[in-house]
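>>> Need a 3D model of the sequence below.
(chains A and B)
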Amino acid sequence: MLGETRIRALRGVDLEVMPGEFLAIWGPSGSGKSTLMNVLGLIDAVDAGRVLFDGEDVALLSDDELSDRRNHKIGFVFQSFNLIPVLSARENIMLPLQLRRCPEAEIVERADEWLRKVGLEKLRDFRPDQLSGGQRQRVAIARALAGHPKLVIADEPTANLDSVTGHEVIDLMEQLNEETGVTCIFTTHDPRLLDRVPRQLRLNDGMITNERYDTAEGLP
Amino acid sequence: MTGRTFFSMAWRNLWRNRRRSLATVVSIAFGLTAVAIFAGYKGATYTGLANIAIHSDLIGHLTINKAGWRTEGKLHPARYLFSEAEIDQVREAIAKVAPGARVVERMSVMGLVSNGRNSTIFVANCLNPTDMLLLRGPFRGIPGVLQENSSRGAILGSGLADILGLEVGDGASILVNTIHGQANMADIDVEAIVDTGNLATNDKWMTLPLALAQDQLDAIGKAEGLTVLLPAAVNAPTLTGRAAEEAMYTTPTPDDETMNTLRNTLLDALARRGVHTEMITWQEQSPFYRQVKNMFDMMFGLLLGVVLAIVALSIANAMGMAVVERTREIGTLRAIGMRRASVVRLFVTEAVLLVVVGLLVGLALTFLVRAGVNALDVRYVPPSLSRDVQLYVGFAPLLTTAAALALAALATFAATVPARRAAHAPIISSLGHV
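Here you go, the predicted model:
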């Protein structure tokens, strides 16, 4: 809904994403990119059609079950980083694991490991307002991946960063996708970022208008 | 997420808007202080009135009369007086039911008192000088007690003495009816003049020795009523000056339940001995105490209601603002897997922390204000009293705890409403909140 007007944000989208894929969704503003990401991230529901996540029909899950699936299987990277301002970099990374009630020692160990991986081990006690945009997005990526999710959803992760930092962030996501095998889906306006992504979807008016595979084998 | 993590996040969130948190803490603290101070003042006033009734007005803890005295006693006084044998029976029963308690015989007399030129009505409370001292309990040092060897001494209310122009050492005459209806006259000596503290009685009140009253009423060896004083008051050390005044407000008196149990046990014990009596407790005999208590209880309820409303609005406002400001953050927490119940818990934890800090500050403030008011020795003349009393603030742990719990419960509820609203908002609209 947009005010009193009902908008069909997605139409006839038929999409299957396989484990380990690195996928970019692009298109103009209002094309439905964010709506599709929200549906894939289980934070929005579709009015019609089915969404299967890891084999489960998400329409059959309760709100608490959806929360648990997001916590265990999905990592989010937001355009505005969305770090919790009262928590340090390390505590932000620990938060999803704490929600999962992992043992404290394991939480600390994993948070430190991911701080190292994103190169922020020296800034672990810094609060978000003491970090640069790029550093915040690295923390957000570490937070998304520390729980070993199956899917990372990154909605315009580079939109608030300069082009160099934006490329660094995508490099990092690409590297982590290769190292951990996690499925990564990100949206972007920037066509320059698409060159290195093996699968690209172009959305227009809520429909997939173009799909391109740059892998040697074609379909992953 | 562990309780410690919730606590840590909630605590840090409170520091994000220090001014608002401080305003909320101050409103809770002032609210508790207002309630606790009033509860302390009310409690001390009740205790003071109770001690005045028992020890200053000399009504003791329990008054025993023969069954029917209250309705028929004035019409047929001879029929409703205790004989010496009956008095002994009562003493024996009380010694068994309440060991250490003392029994005081008393008579009441009313008639005319004259200075030789003018006369006016009087009402006299008559008892042995030693028993008068006994009934004073820990306040036996306060002046205005009959002299021990006095046979015609009298203590006059200051209003009565003023009407007749009497001073200590002056003589006067009293005219009363015997229990058989004949006029009888006696001379008295003014031993002391006291302010009874009660405007309604100060111009009529007199205290006379029991023997004089028995002689005037032609009822030698008899008693109209028997007053029981419980052991704690009998054995209490004598207090004087400031200590006595403070003890008025702090010396506990037996409650309704204790007195009702004692009365029922005594009624049964005396009935088994063939002595049929009626008894009233000090609470029932002091209508002023009951009226003041009812009035103060009502005022306390009103104050508590106002304070609870202010605190609830304050907490609801603080939490409502926090929820609006942190809508995007709530969306993030929900997106990364925090359940709705946990979002509510986080905000409720913040509210509880505000309440706990507010209550602790309020408690400290209560003790400070209490100490300050008591040290200043503020005095005032309460309604229907003829002398000033100290504005004494006691401490009412039960009422203060109850008020604190009510504040905590209401604050929690006030925080739950906006927190639930935020937790149930669609995640995408929370994330899109600007």
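
>>> So, low pLDDT: which residues of the chain?
In the absence of a named chain, chain A is used. A:1-5, A:214-220 (pLDDT under 70).

>>> not what I meant, chain B
B:1, B:383-387, B:433-434.

>>> quick one: the helices in the stretch 251-400 of chain B?
B:256-272, B:282-285, B:287-325, B:327-335, B:340-376, B:397-423 (DSSP state H, counting those that start in this stretch).

>>> With chain A instead?
A:33-40, A:63-73, A:89-99, A:104-117, A:133-145, A:163-180 (DSSP state H).

>>> Rebuild the ones you listed as a markdown table, extending it with mean neighbour count and distance to chain B.
(Each C-beta comes from the backbone N, C-alpha and C, glycine too.) Shown next, in a markdown table, are those (neighbours: other CB atoms under 10 Å in any protein chain shown; distance: least, CB to the nearest CB, whole Å):
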| stretch | mean neighbour count | distance to chain B |
| --- | --- | --- |
| helix A:33-40 | 22 | 5 |
| helix A:63-73 | 18 | 2 |
| helix A:89-99 | 25 | 5 |
| helix A:104-117 | 16 | 8 |
| helix A:133-145 | 25 | 7 |
| helix A:163-180 | 16 | 17 |
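
>>> among those, which is nearest residue B:400?
The closest of the helices of chain A to residue B:400 is helix A:89-99. By CB to CB, the value is 37.2 Å.

>>> As CSV, the helices of chain A with distance to residue A:208 would be great.
Listed next are the helices of chain A as CSV, based on distance: least, CB to CB, whole Å:
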stretch, distance to residue A:208
helix A:33-40, 9
helix A:63-73, 24
helix A:89-99, 30
helix A:104-117, 33
helix A:133-145, 25
helix A:163-180, 21
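
>>> Nearest to residue A:27 among the ones you listed would be which one?
helix A:33-40 (5.6 Å).

>>> For the closest one, which helices and strands make contact with it?
strand A:22-26, strand A:151-154, strand A:183-188 (3 or more CB pairs under 8 Å, 6 or more residues apart in numbering or on different chains; DSSP states H and E).

>>> The first one pairs with which strands?
Going back to what we said before, that points to strand A:22-26. strand A:183-188 (parallel), strand A:199-204 (parallel) (DSSP bridges).

>>> Please apply the same query to the second one.
Based on DSSP bridges, the pairing partners of strand A:151-154 within the sheet are strand A:74-77 (parallel), strand A:183-188 (parallel).

>>> Which of those has the highest mean neighbour count?
Highest mean neighbour count among those (mean count of other CB atoms under 10 Å in any protein chain shown): strand A:74-77, with a mean of 26.

>>> Contacts for that strand, please.
A:41-42, A:70, A:82, A:96, A:137, A:140-141, A:143-147, A:149-155, A:157, A:173, A:182, A:186, B:332, B:335-336 (CB atoms under 8 Å, 6 or more residues apart in numbering or on different chains).

>>> quick one: it to chain centroid distance?
4 Å (CA atoms, centre = their mean, to the nearest Å).

>>> try stretch A:127-140
16 Å.

>>> cool, and stretch A:156-165?
Worked out by CA atoms, centre = their mean, stretch A:156-165 lies 14 Å from the chain centre.

>>> first to last residue in that stretch, what's the distance?
The straight-line separation of the ends of stretch A:156-165 (CA to CA, to the nearest Å) is 13 Å.

>>> before we move on, what about stretch B:9-27?
Terminal-residue distance, stretch B:9-27 (CA to CA): 23 Å.

>>> quick one: is that stretch near chain A?
Yes - contact of stretch B:9-27 with chain A is found when judged by CB under 8 Å from any CB of the partner chain, involving B:9, B:12-13, B:15-16.

>>> Without its sequence neighbours, what residue ends up closest to the residue of the stretch 51-200 of chain B found nearest chain A?
The stretch 51-200 of chain B approaches chain A most closely through residue B:51 (54.9 Å), counting by CB to the nearest CB. With CB to CB, 6 or more residues apart in numbering or on different chains as the criterion, residue B:51 has its nearest non-adjacent residue at 4.8 Å, and that residue is residue B:248.

>>> Now do the one you found against chain A, distance only.
Distance, residue B:248 to chain A, by CB to the nearest CB, to the nearest Å: 53 Å.

>>> tell me the contacts of the spatially most central residue of chain A?
Centroid-nearest residue in chain A: residue A:153, 1.8 Å away (criterion: CA atoms, centre = their mean). Neighbour list for residue A:153: A:37, A:40-41, A:74-77, A:185-186 [criterion: CB under 8 Å, 6+ apart].

>>> follow-up on the earlier one: and residue B:181, which of the helices and strands packed on helix A:33-40 is closest to it?
Between residue B:181 and those, the shortest separation by CB to CB is 105.8 Å, and it involves strand A:151-154.

>>> what about the closest one, distance to the chain center?
2 Å.

>>> Quick check: buried residues in that strand?
For strand A:151-154, burial by neighbour count (16 or more other CB atoms under 10 Å in any protein chain shown) applies to A:151-154.

>>> Now the stretch 151-300 of chain B against chain A: closest residue?
For the stretch 151-300 of chain B, CB to the nearest CB, closest residue to chain A: residue B:300, 40.2 Å.

>>> you'd agree that residue is up against residue B:38?
Yes - under the criterion of CB atoms under 8 Å, residue B:300 makes contact with residue B:38 at 6.0 Å.

>>> and for these two, which residues touch both?
Shared contacts of residue B:300 and residue B:38 (CB under 8 Å, 6+ apart): none.

>>> Relative to residue A:124, how far out is the closest residue to residue A:61 other than its chain neighbours?
Nearest residue to residue A:61 in three dimensions, chain neighbours excluded: residue A:69, at 6.7 Å (CB to CB, 6+ apart). Applying CB to CB, to the nearest Å, the value for residue A:69 to residue A:124 is 29 Å.

>>> Residue B:285 too?
For residue B:285 relative to residue A:124 (CB to CB), the value is 75 Å.

>>> for residue B:268, same thing?
78 Å.

>>> Next, the contact list for the residue in the stretch 201-350 of chain B positioned nearest to chain A, please.
Of all residues in the stretch 201-350 of chain B, residue B:337 sits closest to chain A, at 2.3 Å by CB to the nearest CB. Residues near residue B:337 by CB under 8 Å, 6+ apart: A:67-68, A:70-72, A:96, A:99-100.

>>> Which of the residues of stretch B:9-27 next to chain A fall in strands?
Under the assignment DSSP state E, those contribute nothing to strands.

>>> before we move on, the earlier item: the helices of the stretch 251-400 of chain B: which one's closest to residue B:157?
helix B:287-325 (16.1 Å).

>>> Just the element for the residue nearest to residue B:51, please.
Using DSSP states H and E, residue B:248 sits within helix B:241-250.

>>> what's the offset of that helix from the middle of its chain?
Taking the mean of its C-alpha atoms, helix B:241-250 sits 14 Å from the chain's own mean (CA atoms, centre = their mean).

>>> Go through it and flag the buried ones.
Buried positions in helix B:241-250, judged by neighbour count with 16+ other CB under 10 Å: B:244-249.

>>> angle of it against helix B:340-376?
150 degrees (axes from the mean of the first three to the mean of the last three CA atoms, to 10 degrees).

>>> who's in contact with helix B:241-250?
Residues contacting helix B:241-250 (CB under 8 Å, 6+ apart): B:44-45, B:47-48, B:51-52, B:138-139, B:141-142, B:239, B:390, B:392, B:394.
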